[in-house]
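A.B. asks: below are the sequence and a predicted model for it; my questions follow.
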Amino acid sequence: QQQLVESGGGLVQAGGSLRISCAASELTFSQYIMAWFRHAPGKEREFVATISRLSSTIYYAESVKGRFTISRDNDNNAVFLQMNRLKPGDTAVYYCAATRSPSESMYYVRESDYDIWGQGTQVIVSS
């Protein structure tokens, strides 16, 4: 069964950093576009960042650009989100998502483009 499992969430003070990870299993990882979304209380789930199959294309939401970095390790079937200069507004459950693509450079930003999701990891940023 194809599975994504996030880890690394936690409580951090504003201005701090956190790195969250997503481990994939039962899929040919290098064939999948990967992305991070987040869901804050009282808000709809929103796109955070995406990375193409071979890391040639990366795209960020404006709200995190310059603070967050997405990366992937195709040899170890994992994708990461390094979050720096965290703000209380970054508090959310962060979800890893995957979708298969024939293109090495394609990326997607819509939830509906992704068909495999993790269970989420909670990130809380205190002020």
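C.D. replies: On my side now, so go ahead.
A.B. asks: what about the closest residue to residue 12 other than its chain neighbours, neighbour count?
C.D. replies: In space, and not counting its chain neighbours, residue 12 is closest to residue 18: 5.1 Å by Cβ to Cβ, 6 or more residues apart in numbering. Every C-beta, even on glycine, is put in place using the N, C-alpha and C of the backbone. Here the number of neighbours of residue 18 (other Cβ atoms under 10 Å) works out to 20.
A.B. asks: try residue 26
C.D. replies: Counted with other Cβ under 10 Å, residue 26 comes out at 10.
A.B. asks: on that earlier part again, contact partners for the residue nearest to residue 12?
C.D. replies: Residue 18 sits next to 8, 9, 10, 12, 83, 86, 123 when contact means Cβ atoms under 8 Å, 6 or more residues apart in numbering.
A.B. asks: look up the closest residue to the residue sitting furthest away from the middle of the chain, ignoring the ones flanking it.
C.D. replies: For the chain, the largest distance from the centre (Cα atoms, centre = their mean) belongs to residue 127, which lies 23.0 Å off. Nearest non-adjacent residue to residue 127, counting by Cβ to Cβ, 6+ apart: residue 88, 4.8 Å away.
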